[in-house]
Structure formats: structure tokens, C-alpha cells
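Peer 1: for reference, the sequence and a predicted model appear below.
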Amino acid sequence: MIKILIFIYFKYIFNLNKEGSILKGKLTIKKEWCKGCNICVEFCPKNVLELKDEKISIKNLEACIQCNMCGKMCPDFAVSIKAD
């Protein structure tokens with residue numbers, strides 16, 4: 001039971017798949033869902049996102065480490081990492 005709880009915790013924190021590997025995918029944004037709260041920008045450890053015209057946009061995609069902190073913190077589900 002403890003192993004399952006630890007795996008679920010790390011799966012959420014590190015964006016892991018069922019096998020325990022880090023998910024790789026594409027950063028996607030749904031601007032129509034964004035309300036401009038700036039939470040995703042603040043939580044991004046690599047400064048990938050920015051607000052333009054009160055909507056989220058990608059500033060530096062190459063810097064993205066796909067940690068999915070932006071998607072986890074977005075209250076409107078406007079930002080996510082979609083699997084390839």
C-alpha cells in the first residue's frame with residue numbers, strides 16, 4: 001500500500017507514466033480557457049510562459065522541461081502537456 005501511495009505522489013509531482021518514465025509530449029495552450037490569472041507563469045521553473053493581452057502564450061518553448069507544473073497549477077486547465 002505504501003509503495004502505491006509513493007508512486008502516485010511521484011507520478012503527480014514528476015509527470016510519470018505507468019512504467020515510471022517521465023512523460024514526453026507537447027506543451028499546449030487553450031487561450032479561450034485562460035482568464036489571465038498568471039499562476040502558470042509564476043510556477044514555471046524555466047520561464048517558458050508569459051501573459052500577452054491578458055492571455056497565456058509560449059515565450060521560450062526550447063526551455064520547457066515538461067515538468068507540467070503549469071498544467072497542474074492552472075485552475076482553468078488552459079495549459080497542459082499532451083503526450084506525443
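Peer 2: Looks like it came in fine.
Peer 1: use CA for all of it now, contacts and neighbours both
Peer 2: OK.
Peer 1: do you know the pLDDT at the residue nearest the centre of the chain?
Peer 2: Nearest residue to the geometric centre of the chain (Cα atoms, centre = their mean): Asn68, 2.4 Å. The model reports Asn68 with a pLDDT of 86.
Peer 1: confirm Val41 sits in a strand?
Peer 2: No. Applying DSSP: H, G, I helix; E, B strand; the rest coil, one finds Val41 to be helix, outside a strand.
Peer 1: for it, which non-adjacent residue is spatially closest?
Peer 2: Leu49 (5.3 Å; Cα to Cα, 6 or more residues apart in numbering).
Peer 1: list the contacts for that neighbour?
Peer 2: 40-41, 56-60 (Cα atoms under 8 Å, 6 or more residues apart in numbering).
Peer 1: got phi/psi on it?
Peer 2: With angles defined as degrees, to the nearest 10, Leu49 sits at phi -110, psi 160.
Peer 1: just for the chain, where's the confidence low?
Peer 2: For the chain, applying pLDDT under 70 flags the ranges 1, 3-24, 84.
Peer 1: distance of Cys44 from Ile2?
Peer 2: Counting by Cα to Cα, to the nearest Å, the gap from Cys44 to Ile2 is 30 Å.
Peer 1: so between the two, which is more surrounded?
Peer 2: Cys44 (20 against 7; other Cα atoms under 10 Å).
Peer 1: can you give me the distance of Cys70 to Ile39?
Peer 2: For Cys70 relative to Ile39 (Cα to Cα), the value is 8 Å.
Peer 1: more neighbours: these two, which one.
Peer 2: Cys70 (25 against 15).
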